[in-house]
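[1] A predicted structure for the sequence below; I have some questions about it.
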Amino acid sequence: VVNSDAYTSFGGRSDRGKSAFNDRGYCNICFGGGTGGNSRWVEESRDEEDWSKPLSPNERLEQELFSGSNTGINFEKYDDIPVEATGTNSPGHIESFHDVDMGEIIMSNITLTRYTRPTPVQKYAIPIIKTKRDLMACAQTGSGKTAAFLLPVLSQIYTDGPGEALQATQENGKYGRRKQYPISLVLAPTRELALQIYDEARKFSYRSRVRPCVVYGGADIGQQIRDLERGCHLLVATPGRLVDMMERGKIGLDYCKYLVLDEADRMLDMGFEPQIRRIVEQDTMPPKGARQTMMFSATFPKEIQILARDFLEEYIFLAVGRVGSTSENITQKVVWVEENDKRSFLLDLLNATGKDSLTLVFVETKKGADALEDFLYREGYACTSIHGDRSQRDREEALHQFRSGRCPIMVATAVAARGLDISNVKHVINFDLPSDIEEYVHRIGRTGRVGNLGLATSFYNDKNSNITKDLLDILVEAKQEVPSWLENLAYEHQHKSTNRGRPKRFSGGFGARDYRQMAGGGNAFNNRGARNTGGHGGNRGFGGNKGYYGGNYGNYGGNYAQVDWWGS
Ligand code: ADP
Ligand code: MG
């Protein structure tokens with residue numbers, strides 16, 4: 001009568017070697033878990049089920065879930081982060097988790113997690129989501145986005161109960177197909193991120209009837225299927241693996257009321273747009289308006305704007321941090337280097353910043369990539385490269401060598417770098433600048449993530465005049481040092497006066513020598529945290545035709561004093 005297997009075995013959670021859910025009290029209350037014999041009783045008990053009431057505590061699970069919870073968020077860093085909400089009838093923000101009614105289960109789990117007060121993105125996103133509005137939120141990594149959507153979504157599920165989704169799963173179970181109909185779906189670009197969200201979801205679903213699951217590629221699908229079959233109300237998934245699950249008939253999105261796209265920009269970078277559209281638009285997912293959709297992204301380029309238009313209904317746009325600038329976490333340098341001097345300058349740079357910190361070097365052509373890799377290799381640097389002539393497998397292998405630190409320098413063409421999860425790089429070098437400013441923003445966004453300082457150095461010469469003005473704008477918006485020669489060039493470019501001749505090299509620029517000084521000085525950049533004041537640029541950056549929403553602006557999580565990225 002009911003999907004007895006799915007629910008009686010609800011407890012047998014064995015994934016990732018963590019402890020079972022069967023101590024959560026599911027079995028005690030016989031959660032739909034009867035057999036034909038007592039179906040009448042099951043019906044009744046199901047009617048009485050109140051998803052908003054906490055189940056009995058479980059000491060061991062509680063210990064497991066919450067013992068590691070000390071987040072070390074430095075709230076002083078948050079306090080002057082500007083937040084802007086645009087859209088019709090945006091609800092006011094909250095100052096405390098108690099300002100909005102999220103119910104008993106959520107409140108006690110917030111206490112257990114030791115979150116004392118909401119981060120800026122949480123202050124705004126929670127009431128927006130609670131009032132059932134669609135949301136497009138731009139906020140940097142480390143700003144607390146996960147809880148910003150999990151808390152209100154879960155609280156709503158606890159209040160409303162499972163509704164049709166549960167029934168569908170049970171009906172379906174009659175025929176032994178065990179297809180699961182999650183009430184909420186969270187899409188994330190990578191396995192790591194999916195697991196982080198899943199871990200957070202386990203905390204906030206403690207003592208509830210919601211069972212979170214996670215599926216991602218590159219791992220045994222059989223095991224993931226078995227885990228799903230034990231019940232899945234909130235699913236965290238990478239897009240590729242989810243499509244696979246849907247095609248195998250393991251997941252139905254027919255009753256998905258809450259859809260979250262986390263790190264949407266990275267998902268697009270990694271080439272997941274077809275899978276995302278397949279999931280959201282070409283299957284059984286309720287249409288926009290019938291479901292509630294929340295998108296999170298660090299940047300807001302044109303592709304994300306289009307996705308927001310297609311997926312969201314009358315949404316509220318939330319910008320956390322300064323709009324229209326690239327990260328102040330990222331120190332951007334533009335250096336005048338003639339073509340012939342590029343190689344020797346690169347060596348100076350690599351020596352100054354330390355051979356062991358991950359450095360990504362962008363070049364224009366495949367040939368250039370091969371040549372530069374050979375050159376660096378001959379000079380004794382452990383390096384690798386990715387470009388369009390290499391197979392996806394070779395690229396993945398190169399990426400692995402890079403990320404593991406075996407080859408801490410990687411030479412890449414822009415095209416080849418697309419679709420790979422390259423982040424957390426300490427230094428991005430534009431050996432050849434792109435001609436397109438969006439590509440520039442995209443490249444430098446590979447550094448400076450997760451509260452770390454990053455450095456981006458660009459080699460500029462006569463060949464790059466087409467990007468001059470946009471580059472200057474970006475540097476100014478991100479409050480970077482602007483070389484005076486660049487300013488002059490941009491001015492000349494704009495006024496089409498060509499009578500001033502070429503700028504003097506390095507004047508006001510940033511030569512190799514400066515890097516060495518900084519390497520010695522240690523903390524030359526360490527005081528940038530103070531720069532979070534100042535206005536944000538209104539709607540510039542996102543509504544306009546520039547097509548980019550500055551990257552990882554603002555800094556939250558990071559503790560600058562701890563960053564020793566020059567490598568000693
Ligand atoms: P994002 O998704 O924006 O990168 P996360 O959601 O991963 O950020 O949060 C970053 C860290 O901050 C996590 O360790 C999380 O547990 C912690 N955190 C989130 N919200 C709060 C809060 N209100 N108080 C304290 N720590 C928090
Ligand atoms: Mg996140």
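    Here it is on my side, so go on. Ligands and ions are numbered 1, 2, ... in the order given.

[2] from ligand 1, how far out is residue 463?
    37 Å (C-beta to the nearest ligand atom, to the nearest Å). C-beta here means a position set from N, CA and C on the backbone, and glycine is covered the same way.

[3] what is the burial count for that residue?
    14 (other C-beta atoms under 10 Å).

[4] do you know how far it is from residue 494?
    Look at residue 463 and residue 494: by C-beta to C-beta, to the nearest Å, they are 19 Å apart.

[5] then residue 214?
    Taking C-beta to C-beta, one finds residue 214 at 51 Å from residue 494.

[6] do residue 133 as well
    Taking C-beta to C-beta, one finds residue 133 at 42 Å from residue 494.

[7] same thing with residue 90?
    Look at residue 90 and residue 494: by C-beta to C-beta, they are 38 Å apart.

[8] compare those two (neighbour count), which wins?
    A count of neighbours by other C-beta under 10 Å puts residue 90 above the other of residue 90 and residue 494, at 18 against 11.

[9] ok, and the closest non-adjacent residue to that one?
    Sequence neighbours aside, residue 316 is the residue nearest to residue 90 in space, at 5.0 Å (criterion: C-beta to C-beta, 6 or more residues apart in numbering).

[10] what pairs with the one you found across the strands?
    residue 135 (DSSP bridges).

[11] pretty sure it contacts residue 83?
    No. Under the criterion of C-beta atoms under 8 Å, residue 316 makes no contact with residue 83, lying 11.8 Å away.

[12] more neighbours, these two?
    The neighbour count for residue 316 versus residue 83, taken as other C-beta under 10 Å, is higher for residue 316 (23 against 18).

[13] which ones are touching the more buried one?
    When contacts are counted by C-beta atoms under 8 Å, 6 or more residues apart in numbering, residue 316 is found next to 85-87, 90, 128, 133-136.

[14] ok, so of those residues, who is nearest ligand 1?
    Nearest to ligand 1 among the contacts of residue 316, counting by C-beta to the nearest ligand atom, is residue 135 at 13.9 Å.

[15] just checking, the closest one touches residue 297?
    No. With contact defined as C-beta under 8 Å, residue 135 and residue 297 do not form a contacting pair (11.1 Å).

[16] quickly list what's touching both of those two.
    Common contacts of residue 135 and residue 297 (C-beta under 8 Å, 6+ apart): none found.

[17] what about residue 411, how many neighbours?
    Residues near residue 411, counting by other C-beta under 10 Å: 29.

[18] which of the three states applies to it?
    The local conformation at residue 411, judged by DSSP: H, G, I helix; E, B strand; the rest coil, is strand.

[19] now swap in the one 5 residues further on and tell me
    On the three-state scheme (three-state DSSP), residue 416 is labelled helix.

[20] would you mind measuring from it to ligand 1?
    On the measure of C-beta to the nearest ligand atom, residue 416 and ligand 1 end up 27 Å apart.

[21] that residue contacts residue 395, doesn't it?
    Yes. Using C-beta under 8 Å, residue 416 makes contact with residue 395 at a distance of 6.2 Å.

[22] which residues are common contacts for those two?
    Overlap of the contact sets of residue 416 and residue 395 (by C-beta under 8 Å, 6+ apart) consists of residue 386.

[23] can you show me the helices along the stretch 251-400 of the chain?
    With DSSP state H, counting those that start in this stretch as the criterion, the stretch 251-400 of the chain has helices at 264-269, 273-281, 302-311, 342-353, 366-378, 392-403.

[24] so which of those helices is nearest residue 481?
    Of all the helices of the stretch 251-400 of the chain, helix 342-353 sits nearest to residue 481, with 16.5 Å by C-beta to C-beta.

[25] average pLDDT for the closest one?
    In this model, helix 342-353 has an average pLDDT of 91.

[26] between it and strand 409-413, how many degrees?
    140 degrees (axes from the mean of the first three to the mean of the last three C-alpha atoms, to 10 degrees).

[27] mind listing what's buried along helix 342-353?
    With burial defined by 16 or more other C-beta atoms under 10 Å, the residues of helix 342-353 counted as buried are 342-343, 345-350, 352-353.

[28] export these to a markdown table and append columns for distance to ligand 1.
    As requested, those are arranged in a markdown table below (distance: C-beta to the nearest ligand atom, whole Å):
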| residue | distance to ligand 1 |
| --- | --- |
| 342 | 35 |
| 343 | 37 |
| 345 | 35 |
| 346 | 32 |
| 347 | 35 |
| 348 | 35 |
| 349 | 30 |
| 350 | 30 |
| 352 | 31 |
| 353 | 26 |
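
[29] quick one: which of the residues you listed is nearest residue 401?
    residue 350 (16.8 Å).

[30] check contacts around the closest one.
    By C-beta under 8 Å, 6+ apart, the contact set of residue 350 is 359, 376, 381, 409.

[31] pick the one among those residues closest to ligand 1.
    Taking the contacts of residue 350 together and measuring to ligand 1 by C-beta to the nearest ligand atom, the closest member is residue 359, at 23.9 Å.

[32] wait, doesn't that closest one sit right on residue 411?
    No. The pair residue 359 / residue 411 is not scored as a contact, 9.5 Å apart, by C-beta under 8 Å.

[33] excluding chain neighbours, what is closest to whatever residue of the stretch 151-300 of the chain ends up closest to ligand 1?
    Closest contact between the stretch 151-300 of the chain and ligand 1, by C-beta to the nearest ligand atom, is at residue 196 (6.0 Å). Leaving aside its sequence neighbours, residue 196 sits nearest to residue 146 (C-beta to C-beta, 6+ apart; 6.9 Å).

[34] element containing that neighbour?
    helix 145-160 (DSSP states H and E).

[35] what's the first helix or strand after that helix?
    Heading C-terminal from helix 145-160 (DSSP H and E), you reach helix 164-173.

[36] rounded mean pLDDT for that next one, please.
    Rounded mean pLDDT across helix 164-173 is 72.

[37] and stretch 228-237, by the same measure?
    96.

[38] please see if that stretch touches ligand 1.
    No. If you take C-beta under 6 Å from any ligand atom as the test, stretch 228-237 misses ligand 1, and the best it gets is 12.5 Å.
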